[in-house]
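Novice: Give me coordinates for this.
(chains A and B)
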Amino acid sequence: MECTTKDSADRRYSYRVLVAMTLYLVFLVPDVWIFRHYHPAAGLTWLLAILPALPIIGVLAATGLYLAEVKDEFRRAIMVQSMLWSIGATLAVTTVWGFLESFAQVRHIEWIWVFPVFCFFVPISSALVRWKYR
Amino acid sequence: MGCKTNNPAVWRFTRRFIVLSLLYAVFSVLSTYGLLRWHSTGIVIWLLAVLPAIPIAMAVLLTGRYMREEKDDFQSAVLVQSLLGGIGATLVVTTVWGFLENYAHFRRLDILMLWPLYLVFVGISYGIVKARYR
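Specialist: Sure thing, here's the model as predicted:
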């Protein structure tokens, strides 16, 4: 199986995810800085908290669009399985950590880390799923 | 569109999912009891923490299996969209709450809540997707 592709749906997906992830970082860094240094008022706090979540909707929208646009059933199946494995791994890891945190005094992991953990598992899952079908 | 179905793949999925949910409940109680009472150390702590994550990982694998078994493309599409919706909502809520928890002193939520939260969002998402196609 080839790793590179010239499928326009794949290109559009990569472009959309790249834009969304860039926006995520663009919103995240100043957000943390403002929160740490300025202690914003209640209304602004909500606005700042929601801001980095918007590109996450973008990533999921890009995935939905990809599934609608891609013509190849096999590629669609790989994307769906990769997402499924990633959320599975994220849920499994957070559950294990949750128990360790509650009962074994392991460091508290903030909810803010759930998205990066999910993103960490997406390429791993994708590679594993592709390898499975090789 | 009725709520009841004669689709054997759906029945198999539902039956297996209920079994896994019960296993999750049993393992969670067992792990909590073990971690609280036995004052376990080292590898035993990890084993007890991993125990409830096993049914979660299996539930995700089960979803993948259901998608392979499901002959009805419409049902598959509804499930995929519901899962995407569930993943998206979970990631958005955890990111927003993460910021509020970190910087606005909102209540610290246990990361163990992630799995139930995901299930709730997949359920809501499933209802919305079904209603859209009604």
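Novice: For chain B, name the helix or strand with the lowest mean pLDDT.
Specialist: helix B:43-50 (a mean of 84; mean pLDDT, DSSP states H and E).
Novice: where does the chain have low pLDDT?
Specialist: In the absence of a named chain, chain A is used. Applying pLDDT under 70 to chain A flags the ranges A:1-6.
Novice: nope, chain B please
Specialist: Those would be B:1-6, B:40, if you go by pLDDT under 70 across chain B.
Novice: According to the record, where do the domains of it fall?
Specialist: Per the record, chain B has its domains at B:7-71, B:72-134, by automatic domain parsing.
Novice: can you check chain A too?
Specialist: Domains of chain A are assigned by automatic domain parsing as A:1-71, A:72-134.
Novice: Whichever helix or strand A:Gly43 is part of and chain B in contact?
Specialist: Using DSSP states H and E, A:Gly43 sits within helix A:42-50. Yes - judged by CB under 8 Å from any CB of the partner chain, helix A:42-50 comes into contact with chain B through A:Ala42, A:Thr45, A:Trp46, A:Leu48, A:Ala49, A:Ile50. C-beta coordinates here come from the backbone N, C-alpha and C atoms, glycine included.
Novice: Need the residues that contact stretch B:93-105.
Specialist: A:31, A:35-36, A:42, A:45-46, A:48-50, A:52-53, A:56, A:110-115, B:106-109, B:114, B:117, B:121 (CB atoms under 8 Å, 6 or more residues apart in numbering or on different chains).
Novice: er, stretch B:122-134 I mean
Specialist: Taking CB under 8 Å, 6+ apart as the rule, stretch B:122-134 contacts B:Met1, B:Phe74, B:Val78, B:Leu79, B:Gln81, B:Ser82, B:Leu83, B:Leu84, B:Gly85, B:Gly86, B:Ala89.
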